[in-house]
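K.L.:
give the three-dimensional model of this entry:
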Amino acid sequence: MIYTSASHDLEKAVQESLEEITEHGVPQDVRVVAQMGAQGSIQRYQLDQSEKPEPLEPGRAGEMNDPQELKDFLSWGMQKYPAQHYAVVLGGHGAGFAGAVTDSQRRRMIPLPDLEESLGELPRRPDLVVFNTCLMAQAEVASQLQTVSDHLVASQSELLGLGLPLSQWLGQLPAQPTGAAAAEKLVEVSRGLGERAPAVASIDLRAFPELRDRLDELAVTILDHPQAFATLRSHIEQQPHLWPRPQDRPLVDQLDLAGLCRDWQQDSSLPEALRQQAGETGETLARLCRSSEELGGMSIYAPARDNGAFVNQIYARLRFAQQTRWDEAVQALSSSNPHNP
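P.N.:
Presented below is the predicted three-dimensional model:
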């Protein structure tokens, strides 16, 4: 079930991605339905057993950033097309912990808590949630969605062109007996695309609570060592940003978690407790995340400067902020920055 917003800058790419699925063909025992929103209008399509996207009902006015639209589409799909396994693909724009799936004017998106609520009120629990968007392979996203699905596939950086290779992946789904196998197959197919290959990872959400606990312990250790703040922050400042346009910050102050943990673990000037905690966090991440490239596959919010009340309010709504002290740790690091405005 593909729920995708074709905001004004994505309409052509989204339409082509749906057409690519029908042109490539879908196996007989796989059903694919989509709901696409563009220019304030919503349309549902059947993509299997058809040479082009086949409208299932007349289009109507509406916006895809409405959480009720998402819930209604997925509930309808599960009731109309009973299946052994369900995968939910969310398309359009994404902004990590701030949410995903924008309206047609790219002004608003569905916040993570609302995404979780819509996915949690379905007739069946989806085996797999896929973000065909930028920036959603993030610890905060995994924390929010581990209550509603067992597996997540997403990119921690930028997706280009048509995004994930959904058409090639769908052709191999019948041979994947579990959500875990389907998730890893999408990473494998993505890795084989050459120049078009997106940076994408599969995340085992069932194992995420262990990583959450490790990150909480790391945050507590950071707060216990204020003398190390300047060194820790210097590593944050030196990490390459996953998003290429700095004008979109502060919402996209996301860094590769594996790289950050590795830097902290290897810095002999840091307290031993910090180095050990960073190493254990990196090891836990490697067990639950499979990436298509050298990066660890999962990002985390790590600003070098205080990003202000608005961003902090968004972050405070997240389950990750409520269950860990990571928000306190990064706030302590960023607020101690002498270059803060």
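
K.L.:
excluding chain neighbours, what is closest to W326?
P.N.:
A219 (4.6 Å; C-beta to C-beta, 6 or more residues apart in numbering). Every C-beta, even on glycine, is put in place using the N, C-alpha and C of the backbone.

K.L.:
what's the answer for Q323, then?
P.N.:
Nearest to Q323 is R212, by C-beta to C-beta, 6+ apart, at 6.3 Å.

K.L.:
ditto for P123
P.N.:
Nearest non-adjacent residue to P123, counting by C-beta to C-beta, 6+ apart: M78, 4.8 Å away.

K.L.:
any idea which element the one you found lies in?
P.N.:
helix 67-80 (DSSP states H and E).

K.L.:
now do the same for the helix or strand hosting S334: mean pLDDT, whole number.
P.N.:
Following DSSP H and E, one finds S334 within helix 326-335. What helix 326-335 shows for mean pLDDT is 94.

K.L.:
stretch 257-273 now?
P.N.:
97.

K.L.:
now do the contacts for L173.
P.N.:
27, 30, 87, 182, 185 (C-beta atoms under 8 Å, 6 or more residues apart in numbering).

K.L.:
in helices, which of the residues you listed fall?
P.N.:
Judged by DSSP state H, the subset of the contacts of L173 located in helices is 182, 185.

K.L.:
just give me the closest of the contacts of L173 to S335.
P.N.:
A87 (41.3 Å; C-beta to C-beta).

K.L.:
break this structure into its domains for me.
P.N.:
Split into domains by automatic domain parsing, the chain comes to 2-207, 208-335.

K.L.:
show me which positions of the helix holding M78 end up buried.
P.N.:
For helix 67-80, burial by neighbour count (16 or more other C-beta atoms under 10 Å) applies to 67, 69-71, 73-74, 76-78.

K.L.:
wouldn't the residue nearest to W326 be in contact with T324 here?
P.N.:
Yes: the pair A219 / T324 is scored as a contact, 5.9 Å apart, by C-beta atoms under 8 Å.

K.L.:
comparing these two, which residue is more hemmed in?
P.N.:
T324 (23 against 20; other C-beta atoms under 10 Å).

K.L.:
show me where the protein has helices.
P.N.:
Using DSSP H, helices in the chain cover 11-24, 67-80, 112-120, 139-145, 166-170, 179-191, 208-223, 229-238, 257-266, 272-288, 309-316, 319-323, 326-335.

K.L.:
P27 contacts S167, doesn't it?
P.N.:
No: between P27 and S167 there is no contact under C-beta under 8 Å: 11.5 Å.

K.L.:
pull the helix or strand with minimum mean pLDDT from the protein.
P.N.:
In the chain, no helix or strand scores lower on mean pLDDT, DSSP states H and E than helix 309-316, which sits at a mean of 91.
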